[in-house]
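Student: compute the structure for the input listed below.
(one chain, ligands or ions: 1)
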Amino acid sequence: MHNFSAGPAMLPLGVRERLSEALAPSADGAPSIAEVSHRGPRFMALAEELHQRLRELTGIGEEHAVLLLHGGANCQFAQLPMNLAADRTAAFLISGHWGKKALAEAECVARTQVVGSSEESDFTDLPEMGHLPADCAYLHYTGNETIHGLQYEHPPRVAVPLAADMSSEFLSRPYPYRDIAVTYAGAQKNLGIAGLTVVLVRRDLLERVPDSLPRFLDYRSWAKDLSLYNTPASLAWFTALEMLRWIERQGGLETIAARNREKSGVLYRAIDESDFWRNPVADHCRSVMNVPFWPADESLVMPFVEQAEAAGLQGLKGHRALGGLRASLYNAQTLEAVETLVEFMREFERRFG
Ligand code: PLP
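Tutor: Okay, the predicted model is just below:
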């Protein structure tokens, strides 16, 4: 079986084993990590190492706070402007479905301005950058658009703070997180299982947070005491730590990035070499993580999904907002799985092309 799910995504085998070992009954009846107080020494040690490793891998210093939150990226769509755009305008670059969603939620709680959108191209390219508002709180962009399959190779270059939704590419390559004022990402793609949301926020910006915010939504409540403001999603924290250790064992983000580029290269080459398959995204911004693709005849999408599943290739149906097919190639995905998929696509083309 190979799993190409866009998220929750597959775990590396070693991490999945650690998760099941962690929950297995022990001979002496000792409680598992999911059954102990989050204020006790066992969980506190985990929390400390998790914060520390996140800092090391992202290369941020003390100028940033690491917040481990609940609610997924969807919660950040509103929580971020509530905290940092209370009396200013949040600017947006829209390069796909998730950017639009982030904008729609921000509109509920703050002034917003779209300074660039590539919707006219059906999100097959990145937006041109327009003028920023004079009272700009931050410029929000989506590092990797999971559905449309577009990725910024570098963060946009602007003189205002950047806020990046990195949900579907977090820790997939070295990235200048130190230069990004706010980074957020759900854990369920490259950092383990659902239930944990990472926010890296520059501490100086916390001065902007309005005192009227409910404590739970106030970033400042989480920026101290190892994000233990309330009971954490302990298994998601456990798994995230195992993922960070796994990344280190692989050789770090450089190695992971090279592997990810190789995987996506194999798939894009197979698509481009064929008249049967297509991916409409401009070369310079094709996603390394999520590859949407279509057969020449769209009525073949469902037969492909069904036959691929029967052949052990799962999770290839495109997002309902866009249709078609999509292969997600997060860190845990193997080159062997991608080669198997490409072979299956060639065979499918021979039969239906
Ligand atoms: N942003 C991006 C880029 C995503 O890929 C996703 C989910 O796939 C989300 C936001 C929403 O994340 P969540 O389900 O954690 O709220």
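
Student: can you pull out the strands in the stretch 101-250 of the chain?
Tutor: Remark: strands assigned in the stretch 101-250 of the chain by DSSP state E, counting those that start in this stretch are 111-117, 136-142, 144-145, 150-151, 162-165, 182-186, 197-202.

Student: how far does stretch 25-41 sit from the chain's center?
Tutor: 30 Å (Cα atoms, centre = their mean, to the nearest Å).

Student: quick one, which of the strands of the stretch 101-250 of the chain is packed in tightest?
Tutor: Of all the strands of the stretch 101-250 of the chain, strand 144-145 carries the top mean neighbour count, a mean of 28, counting by mean count of other Cβ atoms under 10 Å. For glycine as for every other residue, the C-beta is placed from the backbone atoms N, C-alpha and C.

Student: what is that one packed up against?
Tutor: Helices and strands touching strand 144-145, as assessed by 3 or more Cβ pairs under 8 Å, 6 or more residues apart in numbering; DSSP states H and E, comprise helix 97-107, strand 150-151.

Student: at which residues are the helices of the stretch 151-300 of the chain located?
Tutor: Here the stretch 151-300 of the chain has its helices, by DSSP state H, counting those that start in this stretch, at 219-222, 234-250, 253-272.

Student: redo the ones you listed as JSON lines? Include mean pLDDT.
Tutor: Output for the helices of the stretch 151-300 of the chain, formatted as JSON lines (pLDDT from 0 to 100):
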{"stretch": "helix 219-222", "mean pLDDT": "98"}
{"stretch": "helix 234-250", "mean pLDDT": "98"}
{"stretch": "helix 253-272", "mean pLDDT": "98"}
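
Student: from residue 68, how far off is the closest residue to residue 102 other than its chain neighbours?
Tutor: Nearest residue to residue 102 in three dimensions, chain neighbours excluded: residue 77, at 4.5 Å (Cβ to Cβ, 6 or more residues apart in numbering). Distance, residue 77 to residue 68, using Cβ to Cβ, to the nearest Å: 18 Å.

Student: with residue 306 instead?
Tutor: Taking Cβ to Cβ as the measure, residue 306 falls 39 Å from residue 68.

Student: between these two, point out the one with more neighbours.
Tutor: The residue with more neighbours, out of residue 306 and residue 68, is residue 68; 23 against 11, by other Cβ atoms under 10 Å.

Student: quick one: contacts for the more buried one?
Tutor: The neighbours of residue 68, taking Cβ atoms under 8 Å, 6 or more residues apart in numbering as the test, are 47, 50-51, 196-199, 222, 226-227, 232, 237.

Student: pretty sure residue 247 contacts residue 171?
Tutor: Yes: applying Cβ atoms under 8 Å as the test, residue 247 and residue 171 come out as touching, 6.5 Å apart.

Student: what do the two both touch?
Tutor: Residues within reach of residue 247 and of residue 171 at once, by Cβ under 8 Å, 6+ apart, are 57, 253, 256, 331.

Student: cool, thanks, signing off.
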